[in-house]
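1. Model the following, please.
(chains A and B)
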Amino acid sequence: MEDFLRIGDKIIKNRLFIGTGKFPNKPIIKDVLEASEVDVVTVALRRVDAEADEENVLNYIPEDRILMPNTSGARNAEEAVRIARLARASGCGDWIKIEVINDNKYLLPDNMETLKATQVLVSEGFIVLPYMSPDLASAKRMAEAGAAAVMPLGSPIGSNRGIKTEELVKIMVDEIDVPVIVDAGLGRPSDAVRCMELGCDAVLVNTAIATAKDPVNMARAFSAAVKAGRLAYTSGTGETSEIASASSPLTGFLRDEK
Amino acid sequence: MSFYDIYTRYKDLDLENFLSDVTDEDIAGALRSEKSSFEEFLSLLSPKAEAHLEEIAQKAHALTLQYFGRTIQLYTPMYLSNYCDNECLYCGFNAKSIIERKKLTFEEVEKEASFIASTGLKHVLVLTGGSREESPVSYIKECVRILKKFFSSISIEIYALNEDEYGDLVKEGVDGFTIYQETYDEEIYKRMHPSGPKKNYLFRLDAPERAAKRGMRFINIGALLGLNDWRKEAFFTGLHAEYLQNKYSDIDFSISVPRIRPQTDNFKPKHNVTDKNIVQIILALRIFLPRLGITLSTRENAKLRENLIPLGVTKISAGSTTAVGGHTYGDSTNPVQFEISDERDVAEIKNMLLLKGYQPVFKDWMEI
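-> Residues are numbered from 1 along each chain as shown, chains lettered A, B, ... in the order given. Sure, this is the predicted structure:
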């Protein structure tokens, strides 16, 4: 059976999502997307220059990809909602990744404002994917509000530190009914493998690919890592154990009593 | 609380002694540290650090890549008026300068804006001299209404306003704001600004905070290097940016490192600031405040600008002129505030960036 991710009415083959900021030029974005066969691409609406031609990032995203504009720059729910509406009005479709950040030092999201924006945008028919701090209670509320997925951070944006929030994300994977997509902080393909082995549904990567010496091949590496991690998860990764399984068990003398 | 309280706390520190006592180990420590203290910031600004510039540059470059990627945002300055009531000794538009004074008419604003927009730029920085009578807030608002037709983001660099005025301009669609303290040293500040409303040190010092309170989105500060010991000025600029960033965490702060350029009066800066010094300032600021934007104006020459880009710069000007109406009429017919050193147009700057492996970002915000 094929193992595809479904969000909204879309079927997503590649569980690696890619962000488009930070690349050394725009044409390379197209090469990266084609080489890694990525389906879902996020673009900051603040960077979309619809009037331009060569400088319009949308012109480098093949039409068969799923465009997920994001609300980068929003400082509260109201601004996120306004950016989402602008994105829809400028022809970017109904998907929206909510980013509400009012902390420019660490770039950590504001879950309360994100929840508010989720409620409004779901009611307006958007496919809403909120970027969030991995807090179970907030994630439950976002899912109840109709979020199509939740996107907890692995570590702060751009930090390349990997999945430092593992314990919290693992709980989310167990408890949340919508897809869990780790967004931000993954620095190496091995971090992506780890997320997928935990049972996350997808990961989103930007900095580690965009700032690599060879972004195209790094995207390929992440894409392969995500596939490997997912395959391991669906194949039933063995539990890791602190002690080796004993060959002479201490309770081996017990027999079923008649 | 105002930044003045912090300034007061640090101004009597024996900075000279501290700077001269910095050791190689202190610098190694500052480079290992994940979050710099003010002592580590100072050690990166010390004479001793000059011997370690390459290592410091490697770290600054890596941090910049991590937080900003391979992108550089572009903007251009647009001068609306050069009427001025101030007597800043270092400025070509000084009230006492005998120059032709000019203020753009609304038709000229439209013409100038249309020319700039045709180069593809979406971010514009409008400037006026320090004359409230000739370029009142009402005039600036009217100009902003015209500029909104052409640009997705409008910044201002004008005389210091009160809080309500900043609020009004934000409502009108201004989202960025630049103000230079010129010098953080109160005594030198007084000497450099003998007359005019700009004499008020504290009113200028608190201007970024007044704008922040009224929701200005992008705020750029800086000191005019050359008026004082640059190490001290860079230190206080860093502290000011840190203070603002901590207090107004939802605002994007950036700094500039303008060096005094020769202009019409030939003001001779008291302190020489070399290219190496500029490099050291940029590196130290990047490591002290990794998320801080760093803006590089056209005061610096093409070669130096290119070399500074990977060190921590996030925003540069292109196709600049410092004359009123200079985009439409050229610099030659009008007096300039200072001479620019990089005369390349937008297309040339764009190509230079791409060749260096950096994506020119024309649009990074819009009115929402």
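
2. which bits of chain B sit near chain A?
-> Residues of chain B found near chain A, taking Cβ under 8 Å from any Cβ of the partner chain as the criterion, are B:65-71, B:120, B:122, B:152, B:217, B:245-246, B:249-253, B:291, B:354, B:357-366, B:368. Where you see a C-beta, it was placed from the backbone N, CA and C, and this is true even at glycine.

3. Now which of these would you call buried?
-> For the residues of chain B next to chain A, a burial check counting by 16 or more other Cβ atoms under 10 Å in any protein chain shown picks out B:65-71, B:120, B:122, B:152, B:217, B:245, B:249-253, B:291, B:358-366, B:368.

4. now, which of these lie within helices?
-> Residues of these located in helices (DSSP state H): B:65, B:66, B:67, B:68, B:245.

5. a markdown table for those, including pLDDT?
-> Listed next are these as a markdown table, based on pLDDT from 0 to 100:
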| residue | pLDDT |
| --- | --- |
| B:65 | 94 |
| B:66 | 91 |
| B:67 | 92 |
| B:68 | 94 |
| B:245 | 95 |
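
6. residues in contact with residue A:200?
-> A:169, A:173, A:180, A:181, A:182 (Cβ atoms under 8 Å, 6 or more residues apart in numbering or on different chains).

7. meant to ask about residue A:208, not that
-> Residue A:208 is in contact with A:160, A:186, A:187, A:188, A:218, A:222, counting by Cβ under 8 Å, 6+ apart.

8. and which of those residues is nearest chain B?
-> residue A:160 (6.6 Å; Cβ to the nearest Cβ).

9. Report how many residues lie close to that closest one.
-> 19 (other Cβ atoms under 10 Å in any protein chain shown).

10. Hmm, it is touching residue A:187, no?
-> Yes. The criterion here is Cβ atoms under 8 Å, and residue A:160 meets it with residue A:187 at 2.9 Å.

11. can you map out the strands along the stretch 151-258 of chain A?
-> Taking DSSP state E, counting those that start in this stretch to define them, one finds strands in the stretch 151-258 of chain A at A:151-152, A:181-183, A:202-205.

12. let me fix that: chain B
-> Using DSSP state E, the strands of chain B run over B:71-81, B:123-128, B:153-157, B:174-182, B:218-223, B:252-256, B:293-296, B:315-317, B:359-361.

13. Buried residues, the fourth one. List them.
-> Buried residues in strand B:174-182, counted by 16+ other Cβ under 10 Å: B:174, B:175, B:176, B:177, B:178, B:179, B:180, B:181, B:182.

14. before we move on, back to that, can you list the strands of chain B in JSON lines and add mean pLDDT and distance to residue A:132?
-> Shown next, in JSON lines, are the strands of chain B (pLDDT from 0 to 100; distance: least, Cβ to Cβ, whole Å):
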{"stretch": "strand B:71-81", "mean pLDDT": "95", "distance to residue A:132": "25"}
{"stretch": "strand B:123-128", "mean pLDDT": "96", "distance to residue A:132": "30"}
{"stretch": "strand B:153-157", "mean pLDDT": "97", "distance to residue A:132": "28"}
{"stretch": "strand B:174-182", "mean pLDDT": "96", "distance to residue A:132": "26"}
{"stretch": "strand B:218-223", "mean pLDDT": "97", "distance to residue A:132": "25"}
{"stretch": "strand B:252-256", "mean pLDDT": "96", "distance to residue A:132": "22"}
{"stretch": "strand B:293-296", "mean pLDDT": "96", "distance to residue A:132": "26"}
{"stretch": "strand B:315-317", "mean pLDDT": "95", "distance to residue A:132": "29"}
{"stretch": "strand B:359-361", "mean pLDDT": "96", "distance to residue A:132": "27"}
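
15. Quick one: those as CSV, columns for distance to residue A:65 too.
-> Formatted as CSV, those follow (distance: least, Cβ to Cβ, whole Å):
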stretch, distance to residue A:65
strand B:71-81, 21
strand B:123-128, 28
strand B:153-157, 28
strand B:174-182, 31
strand B:218-223, 31
strand B:252-256, 29
strand B:293-296, 31
strand B:315-317, 30
strand B:359-361, 19
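
16. wait, which of the ones you listed is closest to residue B:279?
-> With Cβ to Cβ as the measure, strand B:293-296 is the member of the strands of chain B nearest residue B:279 (11.7 Å).
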